[in-house]
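1. missing the sequence, but the structure's below:
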């Protein structure tokens, strides 16, 4: 893993073995806010006032999506249960350099919050990290992870691109995501490839093609039927 700077000034990581970055080079924070917060968390919260979402992130990675969700939870007043599944945790010597806290405005002590996300123990259930944020972390591949069916309201599908990590975009994985979501739950992702949308529909989702984050034409949100 190598620390890199994206065009909006926020950090990302680059996996040398995959020759792939963790986020869009146009901007890590702006991509996460657009795909997972605006069209994921916020859209779901507006459709489900007063409810407390359970969120599954496929690829906890740098902790950016978790950090911005924690911030959004405070803004919306929603208690959140957040589960991250990650096979390759980011080591402290790298995550401690990430500049994401400077991009938050509604999360007090954001640097401490990011550290809490990364230092929370793996595979020991949920930990309460703030008044509205609970986190559990699974150190595993999603294919090998046992999760409760029908438990989640949101899936942040943030795997590496299909041409880099094709096994995570297979129909069997999308069917598993469908089984984990409640009816009406959202799956959001930056990817808008035609085969992916067809497979998502076959897995039981209504597929919405939405404007993408800056630098990308489209993204996808699936709604569990």
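-> Looks like it arrived, so ask away. All of these numbers come straight from a predicted model, not from anything done at the bench.
2. Give me the buried stretch members for stretch 70-81, please.
-> 70-74, 76, 78, 80-81 (16 or more other Cβ atoms under 10 Å). Using the backbone N, CA and C atoms, a C-beta is placed for each residue, glycine as well.
3. quick one: the strands in this protein?
-> Here the chain has its strands, by DSSP state E, at 2-5, 11-15, 20-21, 54-58, 80-85, 127-130, 133-138, 152-157, 181-189, 205-211, 218-224.
4. Name the stretch among these that sits most buried.
-> Highest mean neighbour count of those: strand 152-157, a mean of 25 (counted as mean count of other Cβ atoms under 10 Å).
5. Residues contacting it, please?
-> For strand 152-157, contacts defined as Cβ atoms under 8 Å, 6 or more residues apart in numbering pick out 36, 40-41, 44, 48, 51, 53-58, 65, 83, 177, 180-182, 185-189, 191.
6. what residues does stretch 162-180 touch?
-> 18-20, 56, 58, 142-143, 147-152, 155, 157, 159-160, 187, 191, 193, 195-196, 199-200, 202-205, 224.
7. ok, now how distant is the closest residue to residue 133 other than its chain neighbours from residue 116?
-> Closest residue to residue 133 apart from its sequence neighbours, by Cβ to Cβ, 6 or more residues apart in numbering: residue 70 at 4.6 Å. To residue 116, residue 70 is 9 Å away according to Cβ to Cβ, to the nearest Å.
8. overlap in contacts of these two?
-> Common neighbours of residue 70 and residue 116, counting by Cβ under 8 Å, 6+ apart, are residue 129.
9. what residues are up against the nearest residue to residue 174 once chain neighbours are set aside?
-> Distances taken as Cβ to Cβ, 6+ apart place residue 203 nearest to residue 174, at 4.1 Å, with adjacent residues excluded. Counting by Cβ under 8 Å, 6+ apart, residue 203 touches 171, 174-175, 177-178.
10. so residue 12 makes contact with residue 62?
-> Yes. The criterion here is Cβ atoms under 8 Å, and residue 12 meets it with residue 62 at 7.1 Å.
11. anything in contact with each of these two?
-> Common contacts of residue 12 and residue 62 (Cβ under 8 Å, 6+ apart): 22-23, 28.
12. between the residues you listed, which has the most around it?
-> residue 28 (29 neighbours; other Cβ atoms under 10 Å).
13. you'd agree residue 181 is up against residue 150?
-> Yes. Using Cβ under 8 Å, residue 181 is in contact with residue 150, at 7.3 Å.
14. Show me whatever sits in contact with both of these two.
-> With Cβ under 8 Å, 6+ apart, residue 181 and residue 150 have no common neighbours.
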